[in-house]
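In: pasting the sequence and the predicted model now:
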Amino acid sequence: VQLVESGGGLVQPGGSLRLSCAASGFTFSSYVMRWYRQAAGKEREWVADITSDTTSFIYYTDSVKGRFTISRDNTKNTVYLQMNSLKPEDTAVYYCNAHSLRYDYWGQGTQVTVSS
């Protein structure tokens, strides 16, 4: 099982980044896919969910609503996080998570730094 995040980097406030998480080794389409983040010195926090069914219910933490968009492509086994209007407080390591009733898989994380 592998989850590999990419797309992080340094961006100015107000800028955008698109994170990707490529999955392998499990049935991607059967898992809820989630993004979490962890800022230095803080606990890991949930950012967004996209469910596994065809209707793809989507949920966001309040602080990113209207700025971040989660999506998935089951043909590519990839989940995305489009981040717009970035703020310094969005600075964190962003982690991809695959969740089912029985298993949870994590990626290694990708650093996002929002700074001028």
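Out: Structure's in. What do you need?

In: okay, now the unreliable bits of this structure?
Out: The model of the chain has pLDDT under 70 over residues 53-55.

In: okay, now Trp35: neighbour count?
Out: 26 (other Cβ atoms under 10 Å). (Glycine included, C-beta is placed from N, CA and C.)

In: not counting sequence-adjacent ones, nearest residue to it?
Out: Counting by Cβ to Cβ, 6 or more residues apart in numbering, Trp35 lies nearest to Val47, which is 4.3 Å off, once chain neighbours are set aside.

In: and the helix or strand hosting that neighbour, how far out from the chain's middle?
Out: Secondary structure from DSSP states H and E places Val47 in strand 45-50. Put simply, strand 45-50 sits 7 Å off its chain's centre (Cα atoms, centre = their mean, to the nearest Å).

In: and for stretch 21-35?
Out: With Cα atoms, centre = their mean, you get 11 Å for stretch 21-35.

In: for that stretch, buried residues please.
Out: Within stretch 21-35, the residues scored as buried using 16 or more other Cβ atoms under 10 Å are Cys21, Ala22, Ala23, Phe26, Phe28, Tyr31, Val32, Met33, Arg34, Trp35.

In: residues contacting the fourth one?
Out: When you say that, I think you mean Phe26. Val1, Ala98, Tyr103, Tyr105 (Cβ atoms under 8 Å, 6 or more residues apart in numbering).

In: with the third one instead?
Out: For Ala23, the contact set (Cβ under 8 Å, 6+ apart) comprises Gln2, Leu3, Tyr31, Met33, Asn77, Thr78, Val79, Cys96, Ala98, Tyr105.

In: first-to-last residue distance for stretch 8-21?
Out: The straight-line separation of the ends of stretch 8-21 (Cα to Cα, to the nearest Å) is 11 Å.

In: on that earlier part again, among the contacts of Phe26, which are in strands?
Out: Counted as lying in strands by DSSP state E, out of the contacts of Phe26, are Ala98, Tyr105.

In: all strands of this structure, in order?
Out: In the chain, the strands defined using DSSP E lie at 2-6, 9-11, 17-24, 32-38, 45-50, 58-60, 68-73, 78-83, 92-99, 104-106, 110-114.
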